[in-house]
Structures are given as C-alpha cells and as structure tokens.
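>>> let's see this in three dimensions:
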Amino acid sequence: MIVLDIETSGLDFVKCGIWQIGAIDLDTGEEFLEEARIDDEDLLLDSREAKPVLEVIGKKEEDLRNNTKQSQKQLLINFFKWCEKRKLKNCLCQNPQFDLGFIWVKARKYGLDIVLHYRAYDLHSIASLKYFQLNKRFSIKEDHSDMGLKNILDFCGMQDNREAHNALEDCKLTAECFSRIVYGKNLLSEYGGFLVPEYLK
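Presented below is the predicted three-dimensional model:
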C-alpha cells in the first residue's frame, strides 16, 4: 500500500499546481519525496475557510515558481516510476479524492499513464468509523465531519506540531494513525513517545 500526500498551490485541481509529492510504501518502508515548480499558468488560490495557502505550506510564491526546480510533469513521471515498483498500488490518504484527483487531472494534462489504482483507502473514513464504534456518534462540527488530520491525531494519542505542511511528514502521520486505528499499535519509531490510547488497543 502506498501512503500518499501532495502539497499544492491551492484547492482547485485545474487552476492550481502540485509542488511536492510524498509517499511511503507500507510494505517496504521505502520513501519518496520530490518537489517541482508549478506551471506558469498555475495560480495560488486561498480557500475562504482556511489559512492562506502560503502560510499553510510555509513557502513564498517564488519558491513555487523557482525555475531551477524540475517541472511538475517531471515530478509526476518520477513519482509514477517509483509507484511502478510497488507491490500494492492502492493509496492510503487523508481524503484521497483531493490527492488522487489532483494527480489524475495533472497526469491527463501531460498525457501521462496513471499507474495507481483508482480505489483508495481513506484515513478520514477509517477514523470516523472507529470513532463511531467507540462513541456511538460521529464527530460533527456544524454541518460537516470534524475528523480532519489534527483531530485524528488527537484521537490516536498524538499531537499536531507541524508549523507548515510537508508531504512526507503528512504521509508518516497518516501511516501512524492508520496503524494505531487498524492494528492498535505504534508503527514508526519517531512517534513511539506518544502512547497508543487504550481504547485503540
């Protein structure tokens, strides 16, 4: 299984670009992390509901448009080559419709074959179901699910200490939460200091 996370210049699949891809092969532990420059036509678009995109990712616009970095197309080519070597080509993501949706749109833009399977494991759904099993209710805020990664980390006995988003770090957090929810145990040594809650064991 491939744990996947991407960092983008906004939430619009067509108007924004991918500048970082991180992944972990849960079967082998192998990691992938590469960055690229977004395309000239790609925009930086802030969400009305979230912090400004540059604040979230801890970058400046010139970092995302740096011409010394590889192209977005080359980033996807490299990532797909890495994925071809994976035994299981299903992805695990926090909200895979975002990460895979972006990748599919950009791959089509460049005429690239997509090597990932269209079915994915969604940490949000897995965590929400476990939360429901334990509490007999879903975690809801106003009119939507409140199981974002921060709350999933809290649920799994961990803390969100990120100052800015990084694709590989988010992959590690996703993998660790998946292991705690599904198997009731710590996966990565760097998170060993956070005890697995008894209700997950």
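>>> which parts of the lowest-mean-pLDDT helix or strand in the chain are buried?
Here the helix or strand of the chain ranked lowest by mean pLDDT, DSSP states H and E is helix 53-57, holding a mean of 82. Going by neighbour count (16 or more other CB atoms under 10 Å), the buried part of helix 53-57 is V53, L54, V56, I57. Where C-beta positions appear, they are placed from N, C-alpha and C, glycine not excepted.
>>> nearest spatial neighbour of V196, chain-adjacent residues omitted?
Leaving aside its chain neighbours, V196 sits nearest to R180 (5.3 Å; criterion: CB to CB, 6 or more residues apart in numbering).
>>> pretty sure that neighbour is touching C156, no?
Yes - between R180 and C156 there is a contact at 4.4 Å, judged by CB atoms under 8 Å.
>>> neighbour-wise, which of the two wins?
Counted by other CB atoms under 10 Å, R180 and C156 do not tie: R180 has more neighbours, with 26 against 22.
>>> shared neighbours, R180 and C156?
Listed as contacting both R180 and C156 by CB atoms under 8 Å, 6 or more residues apart in numbering are V196, P197, L200.
>>> the residue nearest to V196 and C93: what is the separation?
17 Å (CB to CB, to the nearest Å).
>>> same check, this time on R37
R37 is 23 Å from C93, where distance means CB to CB.
>>> then K85?
Distance from K85 to C93, by CB to CB: 19 Å.
>>> of these two, which one has the most company?
C93 (23 against 10).
>>> surely D5 is in a strand?
Yes - counting by DSSP: H, G, I helix; E, B strand; the rest coil, D5 is located in a strand.
>>> got a list of what it touches?
I21, G22, A23, C93, Q94, D99, A167, L168, D170, C171, T174.
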